[in-house]
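Participant: Give me the fold of what follows.
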Amino acid sequence: MLILGSFPSVVSREKNFYYANPGNRFWRVMAAVFETEITDRRQFCLDHGIALWDVIRSCRIHGSSDASITDVSVNDIASFAAGTKIRAVFTTGTKASRLYEQYVQCELPHIALPSTSGANARMRMDDLIRAYQIIRTYAEED
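Facilitator: Numbers count the residues shown, from 1 in each chain. Sure, this is the predicted structure:
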């Protein structure tokens, strides 16, 4: 599976890994979905066949706000996925989903998921876990 965000937050860019901001609930959601403790994020992804990337290759952004994103250049996701075992693409959040639909031409199924960002306060943890269960479904199909 390929899970795409829009563009890494300031904290994720500083730590050089995805969903690194402690206020982002991505890793807590994934731990709940897979019913495991995640002690090594990279190893967790490897163990479950998950690739993490972003729709956006480069852009102008103020802080970590998706709403401020302009001058977007997208990653070549179709070429990246070609020849891999990736069976589905998941986008996390409205901005990533919209950009994916607007700019990416890829034959793989696309599933839009809600943002796990702390800024998406209207989504309760239980709702996020329910929405993200589909990732486990795909992981267990192997």
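Participant: show me where pLDDT drops low in the chain?
Facilitator: Low-confidence segments of the chain, defined by pLDDT under 70, are located at 142.
Participant: where along it do the helices fall?
Facilitator: Along the chain, the stretches classed as helices by DSSP state H are 10-15, 26-33, 41-48, 77-81, 94-103, 125-140.
Participant: got the buried residues for the shortest one?
Facilitator: Spelled out, it's helix 77-81. 77, 81 (16 or more other CB atoms under 10 Å). (Each C-beta comes from the backbone N, C-alpha and C, glycine too.)
Participant: packing partners for that helix?
Facilitator: Judged by 3 or more CB pairs under 8 Å, 6 or more residues apart in numbering; DSSP states H and E, helix 77-81 is in contact with strand 2-5.
Participant: repeat for the second one
Facilitator: Identification of packing neighbours for helix 26-33 by 3+ CB pairs under 8 Å, 6+ apart yields helix 125-140.
Participant: Next, the angle helix 26-33 makes with the helix it packs on.
Facilitator: For helix 125-140 against helix 26-33, the angle by axes from the mean of the first three to the mean of the last three CA atoms, to 10 degrees is 70 degrees.
Participant: hmm, who's touching helix 125-140?
Facilitator: For helix 125-140, the surrounding residues in contact (CB atoms under 8 Å, 6 or more residues apart in numbering) are 1, 3, 25, 28-30, 32-34, 48-50, 87-88, 90, 111, 113-114, 116, 123.
Participant: what's the answer for stretch 87-99, then?
Facilitator: For stretch 87-99, the surrounding residues in contact (CB under 8 Å, 6+ apart) are 1-6, 26, 54-56, 66-67, 69, 72, 74, 77, 81, 100, 106, 108-117, 120, 134-135, 138, 141.
Participant: neighbours of Pro109, just the number please.
Facilitator: A total of 10 residues lie near Pro109 under the criterion other CB atoms under 10 Å.
Participant: Name the nearest residue to it, ignoring sequence neighbours.
Facilitator: Ala88 (4.7 Å; CB to CB, 6 or more residues apart in numbering).
Participant: Please report the distance of that neighbour from Ala112.
Facilitator: Computed as CB to CB, to the nearest Å, the Ala88 to Ala112 distance reads 11 Å.
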